[in-house]
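In: Quick one: sequence plus predicted model below, questions after.
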Amino acid sequence: MKTTFSLFVLICSITLNCYAQKDIKDNSVNFNRKGTGSPVVVFESGLGESLKGWSQIQDSISKIASTVSYDRLGLGESSPTEKPRNIDNLASELNDFLEDNKIDGPYVLVGHSLGGFIIRKFQDLYPEKVLGLVFVDPSHENLMKRILATKTEAEADMITKGMQGFYATKSIAIQNEFKEISNMEKEMKTIDFPMDIPITLIASYQIPPPPFKPEDIKIKKVLFNNWIDDKPKAKLISTLNSGHYIHYSEPTIVINAIIEMIENLK
């Protein structure tokens, strides 16, 4: 089951998140701030990842801009929280963290996996603060449903139960965040990509083993292309050489995309 679920993660762009909780204004947030200048590049991790996942990319980008990576409440070395892990809280907590630590924008937001949901919601709530968005194989609110619809009943059941069983073995904090995924997907269906700022979408189109099929990647391609087709300032970069963690296996792709966006914003 663990193998099956790890494959599911590659397709559905949902990764684990070590988390915990308490109100952000009453708890410490672990973060790493490097570099100077504007804009400020903010890195948002996927589920289960700490700020350490961005270290190589942040080191490179900090040579030309201000950067900040952080552990969401409950992740890494940040404090726990009792607030629900819904998308509104995750986005507003990011804003609180930036304001509380006087990390003034404007921002270029970089989000991996579930972090893609968070930076989209942040931009929707605070559009005046965001100059651009970079997505690293982001979660898509319709991908899981579309892929499961193409499977046999047995295949879909194996994937779904594998996912549920996988999370059932994790900490209560991770389980609580996982429980919000369905609600997050519903919320994200109401938020389109902005038309007036640059967007770079970096996608993995690597084909995973069964029960997934090449047709699943075709679904992902259609959904990602639909995201950006009518957005004049959006572009898509794809790779076949990396799975879901492009920023680990091909960091240069992500670094170059961020640098290009910063240079075009000057």
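Out: On my side now, so go ahead.
In: in the stretch 51-200 of the chain, which segments are predicted with low confidence?
Out: Low-confidence segments of the stretch 51-200 of the chain (pLDDT under 70): 170-173.
In: can you give me the helices in it?
Out: For the stretch 51-200 of the chain, applying DSSP state H, counting those that start in this stretch gives helices covering 55-61, 87-100, 114-125, 143-149, 153-168, 172-179, 181-188.
In: Please point out which parts of the first one sit buried.
Out: Of the residues in helix 55-61, those buried under the neighbour-count criterion (16 or more other C-beta atoms under 10 Å) are 57-58, 60-61. Quick note: C-beta positions are derived from backbone N, CA and C, even for glycine.
In: Likewise for stretch 59-76?
Out: Within stretch 59-76, the residues that qualify as buried are 60-62, 65-76, counting by 16+ other C-beta under 10 Å.
In: hmm, back to that, mind putting the helices of the stretch 51-200 of the chain into JSON lines with distance to residue 137?
Out: Below are the helices of the stretch 51-200 of the chain laid out as JSON lines (distance: least, C-beta to C-beta, whole Å):
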{"stretch": "helix 55-61", "distance to residue 137": "14"}
{"stretch": "helix 87-100", "distance to residue 137": "18"}
{"stretch": "helix 114-125", "distance to residue 137": "8"}
{"stretch": "helix 143-149", "distance to residue 137": "11"}
{"stretch": "helix 153-168", "distance to residue 137": "18"}
{"stretch": "helix 172-179", "distance to residue 137": "19"}
{"stretch": "helix 181-188", "distance to residue 137": "16"}
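In: what's the closest of those to residue 209?
Out: helix 153-168 (12.9 Å; C-beta to C-beta).
In: Adding distance to residue 200, write the buried residues of helix 55-61 out as CSV.
Out: Formatted as CSV, those follow (distance: C-beta to C-beta, whole Å):
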residue, distance to residue 200
57, 13
58, 17
60, 16
61, 13
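In: May I have stretch 117-130 as PDB, with CA atoms only?
Out: Provided in PDB are the C-alpha atoms of stretch 117-130 (Å, rounded to 0.1, in the frame of the first residue of the first chain):
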ATOM      1  CA  PHE A 117      -2.900  25.900  -3.100                       C
ATOM      2  CA  ILE A 118      -1.500  28.100  -0.300                       C
ATOM      3  CA  ILE A 119       0.200  30.700  -2.600                       C
ATOM      4  CA  ARG A 120      -2.900  30.800  -4.900                       C
ATOM      5  CA  LYS A 121      -5.100  31.500  -1.800                       C
ATOM      6  CA  PHE A 122      -2.600  34.100  -0.500                       C
ATOM      7  CA  GLN A 123      -2.600  35.900  -3.800                       C
ATOM      8  CA  ASP A 124      -6.400  35.800  -3.900                       C
ATOM      9  CA  LEU A 125      -6.600  37.300  -0.400                       C
ATOM     10  CA  TYR A 126      -3.800  39.800  -0.700                       C
ATOM     11  CA  PRO A 127      -3.300  40.500  -4.500                       C
ATOM     12  CA  GLU A 128      -1.600  43.900  -3.900                       C
ATOM     13  CA  LYS A 129       1.300  42.100  -2.100                       C
ATOM     14  CA  VAL A 130       2.100  39.600  -4.900                       C
END
